[in-house]
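A.B. asks: Provided below for reference: sequence and predicted model.
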Amino acid sequence: MINQLFTFSSTIERLRQGPLSEHLDAYAAAVAAQGYGRHSIREQIVVIADFSRWLKQKQMAVQDLDNKVVDRFLQHRHRPQRVRRGDPKTLQRLLTMLRQTGVVKADQPPVADTAQSRIVAEFRRYLLQERGLSPSTLLNYVPVVEQFLSERFRNSAPNFTMLRAPHVTGFVMRHAHRLSPTRAGLMATALRSFFRYLRHRGAIATDLAGCVPTVPNWSLSTLPRFLPTDEVERTLDGCDRKTSVGRRNHAILLLLARLGVRAGEVVGLSLDDIDWNTGQITIRGKSGKSAQLPLAADVGAALAAYLRHDRPKSATRSVFLRHRAPLVGFGNSSTISSLVRRALKHAGVESAHTGAHVLRHSLATSLLRQGGSLDEIGELLRHQNPNTTAIYAKVDVTALHTLALPWPGGGR
């Protein structure tokens, strides 16, 4: 493939110098499959060729490559100001390819070399393997535990037999007022889980989980954030369906607005999850649970059009791909929320809540006002607890009117 990218044989010969020369064609083919253009691939090959010649000068073999070697080369290249913005990513992409093919050994995960880090690592394994919690839950739990251990024991090995209730309540009191009620509640939940784990393994004899203060955040105390139906439709109509990106975004917004799919579920949606014969789509939700939902006509039409005409060719099985190289699926759910935020702004819809979840709430509110029952809405939204759906009863003003008591002296 290098022969197709570069015209002059002298240039090709120069590129073929060094221990990486035999991997240039494979790299060029790999990034071409990810959607990079010819000009971009040529620039990447030149960087790798320079790296290869530098390795030859240093008498280093391909098997010696790791992140430290790459950093040394970039520092060397930076002195004459020859580092372009994309060069570090190019070399990281090369390292990834060499590791995947077994040419270079994979990086070993950092070893927990302190008592605190070992405890956190064991707690992490407990949550994943014994509790069966999702990795996203660990993102909320582990930092709280790390902060608690750091504050309580500094850099010394934790002595849990010395823990007392005031240590627990004091930590919560110091930090809860800086957080939102939801985040403060997550902090308390993380601490309870950790202290139950310590008691389970026999590290403490006292039930410190019961000492964690309850953060006031009463169930059903807030209104669901939602948009009126006409504003949802205006947002959908605001997508520029004359472009491939606009048609992709329109299909994503329809999934959110018509089926109440979560942002993370959109990211995780695979081509194998769509059954065109039965007109159903499999949604893989929280805790690894999946559910089949019927494809609404407009959702199915938008998905089919995107897959036929607009989805770039890619080896990945993700339904929705980036429109710029590398042509892979979205990295996380925040990308979907950003897409919704831009769509609302473009449509001129003003809302205090602009994340992807606002369309899910809007769907539930609209169905309720059209006569849908809370059970039906809970089934569509795949709520595990009926109380989660009960909050939408607060926006059913007509039904609430029948429960309102007359104001004293208001009518005679």
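C.D. replies: The structure has been received and is ready for your questions.

A.B. asks: from here on, contacts and neighbour counts on C-alpha atoms
C.D. replies: Will do.

A.B. asks: Count the residues that sit near Gly37.
C.D. replies: Residues lying near Gly37 (other CA atoms under 10 Å) number 13.

A.B. asks: going forward can the numbers begin at 516, since that is how I track them
C.D. replies: Got it, the first residue is 516 from now on, which makes the last one we talked about Gly552.

A.B. asks: Per-residue pLDDT of it, please?
C.D. replies: Looking at Gly552, its pLDDT reads 85.

A.B. asks: quick one: it and Ser849, what's the gap?
C.D. replies: Distance, Gly552 to Ser849, using CA to CA, to the nearest Å: 27 Å.

A.B. asks: From one end of stretch 881-891 to the other, what's the distance?
C.D. replies: 13 Å.

A.B. asks: And the average pLDDT for it is what?
C.D. replies: 78.

A.B. asks: Identify each buried residue in that stretch, please.
C.D. replies: Ser881, Leu883, Arg884, Leu889 (16 or more other CA atoms under 10 Å).

A.B. asks: Name the nearest of these relative to Gln662.
C.D. replies: Using CA to CA, Leu889 comes nearest to Gln662 of the buried residues of stretch 881-891, at 40.3 Å.

A.B. asks: worst-scoring helix or strand of this structure, pLDDT-wise?
C.D. replies: helix 912-916 (a mean of 45; mean pLDDT, DSSP states H and E).

A.B. asks: can you give me phi and psi for Ile796?
C.D. replies: When read as degrees, to the nearest 10, the backbone of Ile796 gives phi -130, psi 140.

A.B. asks: can you tell me which helix or strand the nearest residue to Val730 once chain neighbours are set aside belongs to?
C.D. replies: Counting by CA to CA, 6 or more residues apart in numbering, Gly700 is the residue found nearest to Val730 once chain neighbours are left out, at 5.6 Å. Per DSSP states H and E: Gly700 is located in helix 696-715.

A.B. asks: Leu606 versus Leu664, what's the distance?
C.D. replies: Separation of Leu664 from Leu606 (CA to CA) stands at 37 Å.

A.B. asks: er, Val782 actually
C.D. replies: For Val782 relative to Leu606 (CA to CA), the value is 27 Å.

A.B. asks: ok, now Thr629?
C.D. replies: To Leu606, Thr629 is 32 Å away according to CA to CA.

A.B. asks: now swap in Leu706 and tell me
C.D. replies: 41 Å.

A.B. asks: Have a look at these two and say which one is more surrounded.
C.D. replies: More crowded of Leu706 and Leu606, by other CA under 10 Å: Leu706, with 24 against 21.

A.B. asks: Per-residue pLDDT of the residue nearest to the spatial centre of the chain, please?
C.D. replies: Centroid-nearest residue in the chain: Asn847, 2.6 Å away (criterion: CA atoms, centre = their mean). Note on Asn847: pLDDT of 83.
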